[in-house]
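**Q** mind folding the following:
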Amino acid sequence: MNKNHPVYHSLVSRLESLKDQYRRHPCETSRYRLVRQEQLIAQWVQTSDFPS
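**A** From the prediction side, this is the model:
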């Protein structure tokens, strides 16, 4: 996937937001959302392009 793609930017932005939320308020719900977002991104990009 092209890293300039708007969907990619949106997904990564949401991932960063969820990571921040989980750091501030660790709980099962925020962890689930974070993992789910990572899985969604994995569907869109190759493993080598996965954000760290």
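
**Q** just give the closest residue to the residue nearest the centre of the chain, not the sequence neighbours.
**A** For the chain, the residue sitting closest to the mean C-alpha position, by Cα atoms, centre = their mean, is residue 15 at 3.0 Å. In this structure, residue 15 finds its nearest non-sequential neighbour in residue 37, 4.9 Å apart by Cβ to Cβ, 6 or more residues apart in numbering. Backbone N, C-alpha and C define where each C-beta goes, glycine included.

**Q** what sits against the one you found?
**A** Shown in contact with residue 37 (Cβ atoms under 8 Å, 6 or more residues apart in numbering): 11, 14, 15, 18.

**Q** so how do I select the buried members of these in PyMOL?
**A** A single PyMOL command selects the buried members of the contacts of residue 37 (16 or more other Cβ atoms under 10 Å):
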select buried, resi 11+15+18
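
**Q** now tabulate the contacts of residue 37 in JSON lines and tack on secondary structure.
**A** Converted to JSON lines, the contacts of residue 37 look like this (DSSP: H, G, I helix; E, B strand; the rest coil):
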{"residue": "11", "secondary structure": "helix"}
{"residue": "14", "secondary structure": "helix"}
{"residue": "15", "secondary structure": "helix"}
{"residue": "18", "secondary structure": "helix"}
